[in-house]
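Novice: Here you go, sequence then predicted model.
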Amino acid sequence: MPISPARLILIAATACACAAPAAAQSYLPQARMIGGNPGPQHNYVCPNVDASGKALDCYLDAVRHLYTMCRHVKSIEIIEHGYEASEQGTNAAKSEYCIDKQKINITRPYQAALREATVSKQAVDGVRSLQEMWNAALAALKWRAGESDDEYKSRTAAFYVAIDERVAAIRQHLAGAGMPANPGRNVAASAPEKAPR
């Protein structure tokens, strides 16, 4: 029994539709793992670390990047509600969610960085200290009663200087233990990111 032209077109169209997703997938770039995270183009946690980056580099980038994200979210709440009202009721829900989410997101890079830093006890202590400081800085994104706009912005921006100092100390301890520095982007030397006004 011969196949009608309409049926032949339908069969061909169906075959093309089924084959298209498989063909398209083969052209998608493959995500490379960095510190337990795919990246860099697929990497939300440490986007400034290239594919050759180490776990520690990912973590050190994540500390800055994830803090900045929550700082921006808090700035939006402040713009929307004002300083005093930004902490009232559900007005702080966005920044609270951001903080909870980023604490989850940093867990794997933090653990991978600790494993990589085990060549130096001082480096491990430095990574742990940086993580504690990061958690405290996220909690300190809340506005303090009586604080002026400039005081709030200066206080929340000071974290970047503290990050750079801690990162430099961690890298120095690792260099002293014989771990070569990553030739990729030096996250610690990047300029502090600014919050929206």
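Specialist: Noted; the coordinates are in hand. Residues are numbered from 1 along each chain as shown.

Novice: so who does E87 touch?
Specialist: Counting by CB atoms under 8 Å, 6 or more residues apart in numbering, E87 makes contact with K142, W143. Where you see a C-beta, it was placed from the backbone N, CA and C, and this is true even at glycine.

Novice: same question, Q88
Specialist: By CB under 8 Å, 6+ apart, the contact list for Q88 reads H81.

Novice: swap in L141?
Specialist: Residues in contact with L141 (CB under 8 Å, 6+ apart) are C70, R71, K74, S95, I99, T156.

Novice: out of everything not next to it in sequence, what's closest to the first one?
Specialist: Using CB to CB, 6 or more residues apart in numbering and skipping the chain neighbours, the partner closest in space to C70 is C98 (4.3 Å).

Novice: Export the contacts of L141 to CSV and append columns for pLDDT and neighbour count.
Specialist: Formatted as CSV, those follow (pLDDT from 0 to 100; neighbours: other CB atoms under 10 Å):
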residue, pLDDT, neighbour count
C70, 96, 23
R71, 97, 23
K74, 96, 25
S95, 94, 23
I99, 96, 20
T156, 96, 20
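
Novice: Show me which pair in those residues is furthest apart.
Specialist: Greatest spacing in these, by CB to CB: I99 and T156 (13.2 Å).

Novice: quick one, what contacts V127?
Specialist: Neighbours of V127 in contact, by CB under 8 Å, 6+ apart: L56, Y59, Y110, A113, L114, A117, I170.

Novice: Find the residue ranges of the chain scoring beneath the pLDDT cut-off.
Specialist: Across the chain, residues meeting the criterion (pLDDT under 70) sit at 1-42, 51-53, 179-197.

Novice: circling back to that earlier point, in JSON lines, list the contacts of L141 along with distance to G176 and secondary structure.
Specialist: Formatted as JSON lines, the contacts of L141 follow (distance: CB to CB, whole Å; DSSP: H, G, I helix; E, B strand; the rest coil):
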{"residue": "C70", "distance to G176": "33", "secondary structure": "helix"}
{"residue": "R71", "distance to G176": "32", "secondary structure": "helix"}
{"residue": "K74", "distance to G176": "37", "secondary structure": "helix"}
{"residue": "S95", "distance to G176": "38", "secondary structure": "helix"}
{"residue": "I99", "distance to G176": "34", "secondary structure": "helix"}
{"residue": "T156", "distance to G176": "32", "secondary structure": "helix"}
